[in-house]
Every structure is written in C-alpha cells, then in structure tokens.
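> what's the 3D shape of this:
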Amino acid sequence: MKDRIVLVILDGWGYREQEEWNAVYEANTKNIDKYTSKYPSTLLSASGASVGLPEGTAGFCELSYYLFGVGKKMVWDNQKIMKEIDKGSFRKKIEPILKSSRRVHVFAPLTENGIYSHVAMLKDILGLAKSKRKRLFVHLILEGRESGLHSAYDLFQRWKDDALVNNLASIVGSRYVLNRNVSSLIDEYLSSLANPQEIFPSFVSALMTGYDDGENDFTMKPRVLTPDLDLLEGDTALVLGYRSNKWDLLLESLINAGLNVYMISYPNKSNVNVVYKTRPTSSGFIKYIASSKGKIMKIGETEKAMDLTYFFTGGNDIGDTSIFPSPATLDYSITPEMASSEITGEALKTVKLKEYDLIVVSFAAPDVVAHTGNYDALLKALEVVDDGVGRIVRAAQKEGYVPIITGDHGNAEEMYREGKLYLGHTTNPVPFILASDKYRGVKLKEGSLIDVAPTMAKIMGKRVKLDGKPLF
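This next block holds a predicted model:
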C-alpha cells in the first residue's frame, strides 16, 4: 500500500456561513480551525441527489457511512418502497402480514422525511386493511427532530382520513421508542399501552394535553386512544421503520412479549420477519481493502455502532472493531462528552501500534448532543471532540499515517430555523480536511460524500472501481 489512513468522522458536523446559532462556528475548535487553514480542505455535499437521495433531502448517518466505506450509491429504502406503493406491489407484501393473526399492531412514525420511515406506508396499509375489513391498532410515533418539535398536528391533518382516525390506538414521542440504550423508556411505553391512566377521545386531545404539560413531539409521553389495545401473545406487530439499530430495543421487547414481529426493512435478525431484507454488498472500497489483506480498525461508541459495523462495511464482517458504551442517560446534554475521551484514547493506542492500514474513528457527540437542543452542551461536545481530533491527528502524523477529517451530514451548525429550535439534520455541506504534510500542496476539488472513498483509494494506491472520483 502507498499510504495508511486515519479517517476521522465528525458526526453531524456541517458547514454554514451564517454565524447565528451556529455551534460549529461559535465553539472553540482551535485544532480543526488550524487544520482547515493549514492543510488542503474543501466542502462536500452530504444531501440530495449528490448522494443518491431525492433533491432537498437531508443526509443521515447510515447512508453517509455506507458511502465512506463502500463508495457506491445505492437505492435507499424509502425510494424503493415509495415506488412500490405507486405500482401497487407494496400491498402484495403486506397482505399476508395482515392475515397472520386476528390482532395486528402497526408501529408507525408520523414523518415524511424518509430517514426512519414515511407515513405514506401507513396510509397504504390502512387502505389495504379497509378493503379487507380488517381492524388495526395503529401506534403513532411522533418524530419531533427532522420534522420539528411541534409538527405533529399539521402532519396529522395532512394525512388523516377515516381509516387513520378509526384505527388509531396510541401516540408517543420518538424519545421513548427510537433510542439505542435506555430500555426503561421502552418498558414505560409498552406498560402504558397495557395499563393506560386515561383513554383520550382523539389524536388532537392527546397531543394538546401533552403540549399543555410542556411536552413536545420528541418527548411526548405515551397516550392511549382505545381501551382494548393490550399487546397479547400471538398478536402480530408490524414496525414501519427503516434499517437502524434505533429500533432494536422495541423489537426485542415485542419479541419477548410473545408477538410475531415484522420489520419493514432491516438487516437479517433472528426472530424478526423482514419485509425488505438487506444483503451485504459484494464489492466496493472496504471490501477491496480487506481482500487485498489490508488491516482495518473501526473505533466508536454505541450510538453509532451499527453505522461503523454494518453500513460502513456494506453489511460485511470486515476488520476489527472497538465500541465503547454511550452513557446510559435519558438526556445526552448531561454528558455532552459522551464516549469521546475513550474513543480518543483507543485511537491513540491503535495509531501507535502501526498495525492497521485504515483506522476509522467515529465521534458521535456533535450529532447526538445537537439532537437534544441544548446549545451550551453542544458547544462543550464540539470542544471535547476538537481536542480529541487534535491529539489523533498529531499522533497519526508522527506515525506516518495520513489523517483525513470529514463530517457526515449537517446538524450542529444550524440549531434554529425560522425562529424555532431545530433538532434535525440539515442539507448544509460538510468539511473535508486532508491533514497531511505530504499532501499539503494538493488542491482539493468540491465534491460530495461519494468522493471520499475514491480519495482514500488513491492515497492508499489502490485501483478499485467506485462511483465517485478522487478529490485531487
């Protein structure tokens, strides 16, 4: 190999010219600021058509890590399913599930963003159930981040019809369901379904009660709208979520309760019936490095573990992995550093070994703490990460590695939108820095995330057919 690489991924670290409510600008990030001015740097598109998404769609971790590791565009779940809904073939896959038991529970995020789900799936399923005179128990999960903290009312009004109103069984904020490591929230949610304190007469009544209590779409406590929805052994549960380990705790709890569980899209998982199965990729950058006897190490924490171990590798078991547990807390703003120090320490140890050809370091804190909406905590998270990046880059340079620093999608650089707190991903570009004296004279082009893998391949002296082009 020509050169070895340390790839540092700054999750949720985007670029935005406007300074107001721009945590990336305001934080004291002396190391990254220095590397941006001293070494070749550029901005990469991380959203929309440039990364294989519909125009105007914000990027997200699963896709970004896949592009970094595999280096090839893919048809994402939402695009595939929306086409099948239009053609009518989606219903053919769902009909056997509706027949699988007398009682069918559908867990559906109320969102149009296409990252974790899309409400169009639920609408098509409700249409199918109506035609078959099948009652469903619909459990709406209010998304609250990408859609906005108080967007559920407008979304519901836009998509509601008699079928949705008549089958709606409960609502809950995504904090209770889409979390990776706080099982007590899942327990509280499912317990509330079995033993509701109150039965609400309508979606609006349940939602507005939560708003009056100071909750939002993300933190909305479970509220029940029908008295007979208990999850019974032998019931069927259909989860309309796209592939992310954010669903793991819900799936495990439903399986443990004795339900027949179906997931709309997921990597193969025991005891879960997957409608759209994902299969490992047979080619790409990371596969080529591994097949040519290159040694790979991936370092991160629980919050981004699946991104590193599954999406970055294209679903293959490739390389060594060191994953530190993310803090077991309901609010990461309390621990804004998350596992950044442990990740930094492991990266320094790995670099000094000089055994690996590619070391991938993922810092989750910028993205995850930005999702909390706590601006001061986010500044702390960015500064802790910047310190870690500085240490890793200096060690990598000393040991002859080529350090590359990149964001994977925007988030921390835009915390307010249209005068309101905004917790979601953005369509802003991300930084790309080639922090190496050896490559100090090169001029980087603007590009997109699809060009990161070809750039690494060029640095490593590898000829592999990828979809993007090297940035120099």
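
> report how many residues lie close to Trp159.
Neighbour count of Trp159, defined by other CB atoms under 10 Å: 15. Using the backbone N, CA and C atoms, a C-beta is placed for each residue, glycine as well.

> the nearest residue to it once chain neighbours are set aside: how many residues sit nearby?
With sequence-adjacent residues excluded and distances taken as CB to CB, 6 or more residues apart in numbering, Trp159 is closest to Val119, at 5.2 Å. By other CB under 10 Å, the residues close to Val119 number 21.

> check Gly48 too.
Count around Gly48 with other CB under 10 Å applied: 16.

> now swap in Ser205 and tell me
13.

> and Gly345, by the same measure?
16.

> what's the separation between the residue nearest to Trp159 and Asp230?
Remark: distance between Val119 and Asp230 (CB to CB, to the nearest Å) = 25 Å.

> Pro54 against Trp76, yeah?
No - contact criterion CB atoms under 8 Å: Pro54 and Trp76 do not qualify, at 9.2 Å.

> list residues touching both of those two?
By CB atoms under 8 Å, 6 or more residues apart in numbering, Pro54 and Trp76 have these common neighbours: Gly114.

> ok, those two, which is more surrounded?
More crowded of Pro54 and Trp76, by other CB under 10 Å: Trp76, with 22 against 13.

> for that one, phi and psi?
phi -70, psi 160 (degrees, to the nearest 10).

> quick one, domains of the protein?
The record assigns the chain these domain ranges, following automatic domain parsing: 5-72+281-459, 77-278.

> centroid residue for this structure?
Cys61 (4.5 Å; CA atoms, centre = their mean).

> what residues does it make contact with?
By CB under 8 Å, 6+ apart, the neighbours of Cys61 are Asp11, Lys304, Asp307, Phe311, Asp367, Asp408, His409.

> need the per-residue pLDDT for it.
Here the pLDDT value assigned to Cys61 is 94.

> quick one, phi/psi of it?
phi -60, psi -50.

> what's stretch 18-37 in contact with?
Applying CB under 8 Å, 6+ apart, the set of residues contacting stretch 18-37 is 10, 13-16, 41, 366, 370, 375, 378-379, 382-383, 386-387, 389-390, 393, 405, 412-416, 431, 433, 435.

> let's see which of the residues you listed end up in strands.
Leu10, Ser41, Ile405, Tyr416, Pro431, Ile433 (DSSP state E).

> one step back: of all the contacts of Cys61, which two lie farthest apart?
Pairwise distances across the contacts of Cys61 (CB to CB) peak at 14.5 Å, for the pair Phe311 and Asp367.

> for the residue lying farthest from the centre of the chain, give its distance to Ala163.
Most distant from the centre of the chain: Arg133, at 36.0 Å, with distances by CA atoms, centre = their mean. Distance from Arg133 to Ala163, counting by CB to CB: 11 Å.

> number of nearby residues for Ser322?
17.

> need the winner for burial among the domains of the chain.
domain 5-72+281-459 (a mean of 21; mean count of other CB atoms under 10 Å).

> how far does that domain sit from its chain's centre?
13 Å (CA atoms, centre = their mean, to the nearest Å).

> measure it end to end?
8 Å (CA to CA, to the nearest Å).

> do the same with stretch 313-326
Chord length of stretch 313-326, first to last residue, is 21 Å (CA to CA).

> contact partners of it?
With CB under 8 Å, 6+ apart as the test, stretch 313-326 has contacts from 66, 69-70, 180-181, 267, 278-281, 284, 286-287, 290, 295-303, 305, 308-309, 332, 338-339, 342-343, 346, 350, 356, 358, 364, 368.

> tell me which of the residues you listed fall in helices.
Mapping the contacts of stretch 313-326 onto helices (DSSP state H) picks out Tyr66, Gly69, Val70, Ile286, Lys287, Ala290, Ala305, Glu342, Ile343, Glu346, Thr350, Val368.

> could those go into a markdown table alongside pLDDT and distance to Lys34?
Below are the ones in helices among the contacts of stretch 313-326 laid out as a markdown table (pLDDT from 0 to 100; distance: CB to CB, whole Å):
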| residue | pLDDT | distance to Lys34 |
| --- | --- | --- |
| Tyr66 | 96 | 30 |
| Gly69 | 98 | 28 |
| Val70 | 97 | 31 |
| Ile286 | 97 | 30 |
| Lys287 | 96 | 35 |
| Ala290 | 95 | 34 |
| Ala305 | 93 | 30 |
| Glu342 | 98 | 24 |
| Ile343 | 98 | 21 |
| Glu346 | 98 | 24 |
| Thr350 | 98 | 23 |
| Val368 | 95 | 25 |
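
> of these, which is the nearest to Met208?
Distance to Met208, by CB to CB, is smallest for Val368 among the ones in helices among the contacts of stretch 313-326, at 29.4 Å.

> residue contacts, that closest one?
Contacts of Val368 by CB under 8 Å, 6+ apart are Asp11, Gly12, Glu303, Ser326, Tyr332, Met338.

> and the furthest pair within the residues you listed?
Spanning the widest gap among those are Gly12 and Ser326, at 14.3 Å by CB to CB.

> low pLDDT regions in the chain?
1, 268-270 (pLDDT under 70).

> tell me the secondary structure at the residue nearest to Phe218 when sequence neighbours are not counted.
Spatial nearest neighbour of Phe218, excluding adjacent residues (CB to CB, 6+ apart): Gly144 at 3.2 Å. Of the three states, Gly144 takes coil under DSSP: H, G, I helix; E, B strand; the rest coil.

> my read: Gly144 touches Tyr422, true?
No - using CB under 8 Å as the test, Gly144 is too far from Tyr422 to be in contact (10.9 Å).

> picking that back up, tabulate the ones in strands among the contacts of stretch 18-37 (a markdown table), appending distance to Ile450.
Formatted as a markdown table, those follow (distance: CB to CB, whole Å):
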| residue | distance to Ile450 |
| --- | --- |
| Leu10 | 18 |
| Ser41 | 18 |
| Ile405 | 18 |
| Tyr416 | 30 |
| Pro431 | 16 |
| Ile433 | 18 |
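
> quick one: the strands in the stretch 1-150 of the chain, in order.
For the stretch 1-150 of the chain, applying DSSP state E, counting those that start in this stretch gives strands covering 5-10, 41-45, 104-110, 137-142.

> go through those and name the closest to Trp247.
Per CB to CB, nearest to Trp247 of the strands of the stretch 1-150 of the chain: strand 104-110, 9.0 Å.

> okay, the angle between that closest one and strand 137-142?
Angle of strand 104-110 versus strand 137-142, following axes from the mean of the first three to the mean of the last three CA atoms, to 10 degrees, is 20 degrees.

> what packs against strand 104-110?
helix 119-131, strand 137-142, helix 152-159, strand 236-239 (3 or more CB pairs under 8 Å, 6 or more residues apart in numbering; DSSP states H and E).
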